[in-house]
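**Student:** take this sequence and fold it.
(one chain, ligands or ions: 1)
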Amino acid sequence: MCGIVGYAGFSEAAPILLEGLSKLEYRGYDSAGIAVEREENKEPVIEVVKAMGRLHVLMEMTENGSAVHGTCGIGHTRWATHGEPSVANAHPHFSEDKRVVLVHNGIIENYKELREHLEKKGYEFQSETDTEALALLLDSYYQGDPLEAIVKVLGRIRGSYAVGILFKDQPGTIYAVRKDSPLIIGKSESGNFIASDVPAILKYTNQVCFIQDMEIVKLTRDEITFYDLDQEEIQKEFTIIEWDQQAAEKGGFEHFMLKEIYEQPKAVADTLNPRIQDGEIVIEELGMTPEEIQGIDRLQMVACGSAYHVCMSAKYVLERMAGIPVDVDLASEFRYRNPILTQNTLVIVISQSGETADTLAALRESKKRGHKVLGIVNVVGSSIAREADSVLYTLAGPEISVATTKAYSTQLVAVYLLGLLFGKLRGCISSEEYAEYVKELQKLPEKIQRILDEKERIQWLANKYSHAKDVFFIGRGLDYAISMEGSLKLKEVSYIHSEAYAAGELKHGTISLVENGTMVVGVATQPQLFEKEISNLVEVKSRGAFVLGLTSYGNYSMEDIADFTIYVPRTAECFATSLAVVPLQLLAYYISVGKGLDVDKPRNLAKSVTVE
Ligand code: AGP
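**Tutor:** You can find the predicted model right below:
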């Protein structure tokens, strides 16, 4: 996700734009830019300044905005999704002679076909971004009526967007429109605003209008007009924001971790949607022919921490869907164990930051041995993204909280996409199964949302058990991988000792630790292992454990043994991790908050471990 801001008023725009962008850096920070319009020799001029890196670079370039003149402009701070972080890819993007200049937050899913269409019409692209296609498409439709051109563009594009637009021949006026990406409108005596989020403008006004999808705004310093797609004027209400600045940066959530837990439905949808076209999984960035995929005889997955837990889930999913043997290693172990890889082993490394030292070293070790490496990465242009042979980007947006949640969930669905693509190409999945899986995959965001909508029970349980000393998470098969992530979440944000155990392994020693009141979380989403899991829970229960059951709706026999049961919506067995992990994220979060800990910045931890 990116941050956009616009201002039309009585003051110099550039300093206001930069101030607004500084409050949106949590939405993206790999490059930034502003466009400000003024009159020169009675002619309208739009000055665009863009910079690579954090916002302070742009601030220094523009002397905190004082070097750029004009009272109407737009600004953008970028989280790269299409095209590496660079000045050329930074926003604003514009057509020739800056006839149309715009900033965009979102993903134009059909930008490739638009780019081909526009190049055929003679347009030349200066960047790799989807946003430039939007700017040039708007230019191609613009014949002097901004509304008409905007409506035509909205009919041609697919995806999510919040857009701020300047037309050079419409001085002092900003147009804006949104679909699926947030956009707010602010009004004040000193001028009017557009922004991705409240923090950008809270310093200047708390009178805000949250426009709906496909509503178009025309904004000058004196007037704000709203239109529908029929170009009919519509009336909109303004509300007063009561948040303070800090709360506003978290979108009203108390912590980034909770905000990012709640962003999971959208992050998962953003990662899936561009890769599912008319019911088919399309992963162009894979850069592998069907023959190469059919020729893979082993997958070697390598990562750290939560990304490693994704690999553990991936082992069950990919072996089941694609019939390929999967080995999984901790990156810190892989690089020193002198791994024996076959010639046709595909190495897959997973990393949110793309900068984890051990994972990067594992990638380099694999390439040194002549193996192709696929990276599943969230940060565009990161070291792992640049050095992998191909990259499947997760489109989770910036993840601020040290404990990963939305990035982890998008890594999972990236694995599901691979499993379905490989499984179909290798004849392991029938067309009917494939179609069913794809349909279920697209339901995951709404099912995650349903869990979030019922968080109160988990909040209550967390408050009741925030004093826990030792917690065991046990599961079988995929539920064991889920247990690993649940255990790490709890440990890293609540400092409570916790262990994940293969449920069948408990009796081989560790069950000696179970005593009266020990909390045991039993994860049971896999139908064929459910009864076995129940019998393991009976074992711990008979030794005095407090059993928290986590299973799918319908498995009500869990309540015969569990002291408390959390249910998640049913889904395909292979996708169970995506749902079962959400209550465990919430449990860890609420226990940490209940203990009064710094949940976003847990002690001893860093968001990206760039050292061995
Ligand atoms: C997860 O909550 C932790 N913050 C940590 O385990 C993390 O997953 C690990 O350090 C890997 O980071 P990466 O995904 O950026 O490579």
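
**Student:** any idea how far residue 510 is from residue 597?
**Tutor:** In this view, residue 510 and residue 597 are 27 Å apart by CB to CB, to the nearest Å. Quick note: C-beta positions are derived from backbone N, CA and C, even for glycine.

**Student:** look at these two and report which has more neighbours.
**Tutor:** For residue 510 versus residue 597, the count of surrounding residues by other CB atoms under 10 Å is larger for residue 597: 16 against 13.

**Student:** now do the contacts for the more buried one.
**Tutor:** Contacts for residue 597 (CB atoms under 8 Å, 6 or more residues apart in numbering) come out as 493-495.

**Student:** between those, identify the one with the most neighbours.
**Tutor:** Going by other CB under 10 Å, residue 493 tops the contacts of residue 597 with 28 neighbours.

**Student:** downstream of the host helix or strand of that one, the next helix or strand is which one?
**Tutor:** Assigned by DSSP states H and E, residue 493 belongs to helix 478-494. Following helix 478-494 in sequence order, the next helix or strand is strand 497-502 (DSSP H and E).

**Student:** quick one: list the elements packing against that next one.
**Tutor:** Using 3 or more CB pairs under 8 Å, 6 or more residues apart in numbering; DSSP states H and E, the elements in contact with strand 497-502 are strand 470-475, helix 478-494.

**Student:** out of these, the one nearest the ligand is which?
**Tutor:** The ligand sits nearest to helix 478-494 of all the helices and strands packed on strand 497-502, at 5.7 Å, using CB to the nearest ligand atom.

**Student:** straight-line length of stretch 238-250, end to end?
**Tutor:** Using CA to CA, to the nearest Å, the end-to-end distance of stretch 238-250 comes out at 21 Å.

**Student:** for it, buried residues please.
**Tutor:** Of the residues in stretch 238-250, those with enough neighbours to count as buried (16 or more other CB atoms under 10 Å) are 241, 247-250.

**Student:** just put those in a markdown table and tack on pLDDT, secondary structure and distance to the ligand.
**Tutor:** Formatted as a markdown table, the buried residues of stretch 238-250 follow (pLDDT from 0 to 100; DSSP: H, G, I helix; E, B strand; the rest coil; distance: CB to the nearest ligand atom, whole Å):
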| residue | pLDDT | secondary structure | distance to the ligand |
| --- | --- | --- | --- |
| 241 | 84 | coil | 31 |
| 247 | 71 | helix | 24 |
| 248 | 73 | helix | 25 |
| 249 | 79 | helix | 20 |
| 250 | 83 | coil | 18 |
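
**Student:** what are the phi and psi angles of the closest residue to residue 108 other than its chain neighbours?
**Tutor:** Excluding the flanking residues, the one nearest residue 108 by CB to CB, 6 or more residues apart in numbering is residue 130, at 3.9 Å. Main-chain dihedrals, residue 130, degrees, to the nearest 10: phi -70, psi -30.

**Student:** surely residue 130 touches residue 93?
**Tutor:** No: contact criterion CB atoms under 8 Å: residue 130 and residue 93 do not qualify, at 9.7 Å.

**Student:** find residues that contact each of those two.
**Tutor:** residue 104.

**Student:** so for those two, which sits in the more crowded spot?
**Tutor:** Neighbours were counted for residue 130 and for residue 93 using other CB under 10 Å; residue 93 has more, 28 against 25.
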